[in-house]
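[1] pasting the sequence and the predicted coordinates here, then a few questions.
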Amino acid sequence: MPGRRCHAPGVLRHTVNEDGTPLVAGRQVTGFANSEEAAVQLTEVVPFLVEDELKSLGGVYSKAGDWEPYVVQDGLLITGQNPASSAPAADALIKLVNATTA
């Protein structure tokens, strides 16, 4: 039951299904947007851009406006766009845990 937000969804680039396909392939995801990275002038500093990486792995990436809270849930996978998404992502995770253990 992974829950990730901001840059953390980038770790999903190393996560694969049992058949070796990327975990995010075909799944709804979000993470730090390229435009947010550009706003803090880090596009040339970070090793990869989360938005580009999720898309390149076949993730169905979506986002809200820069710095707006935005959370996407696809089954047990919960991703948040940026730091403003922390509380809504935590709420989604709590709801999922409660529903799973009920």
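    Noted; the coordinates are in hand.

[2] specify the next element, helix or strand, located C-terminal of the helix or strand of the chain with the lowest mean pLDDT.
    Here the helix or strand of the chain ranked lowest by mean pLDDT, DSSP states H and E is strand 3-5, holding a mean of 55. Next helix or strand after strand 3-5 toward the C-terminus (DSSP states H and E): strand 28-29.

[3] average pLDDT for the helix or strand following that following strand?
    Later in the chain than strand 28-29, the nearest helix or strand by DSSP H and E is helix 34-39. Averaging pLDDT along helix 34-39 gives 96.

[4] which helices and strands sit right next to helix 34-39?
    Applying 3 or more CB pairs under 8 Å, 6 or more residues apart in numbering; DSSP states H and E, one finds that helix 34-39 contacts helix 50-56. Any C-beta I mention is one placed from the backbone N, CA and C, and that applies to glycine too.

[5] tabulate the CA atom coordinates of the helix it packs on in CSV.
    Coordinates of each C-alpha in helix 50-56 appear next as CSV, following Å, rounded to 0.1, in the frame of the first residue of the first chain:
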residue,chain,number,x,y,z
VAL,A,50,9.4,13.1,-11.6
GLU,A,51,6.6,14.0,-14.1
ASP,A,52,8.8,13.0,-17.1
GLU,A,53,9.9,9.8,-15.3
LEU,A,54,6.4,8.6,-14.4
LYS,A,55,5.2,9.3,-18.0
SER,A,56,8.1,7.5,-19.5
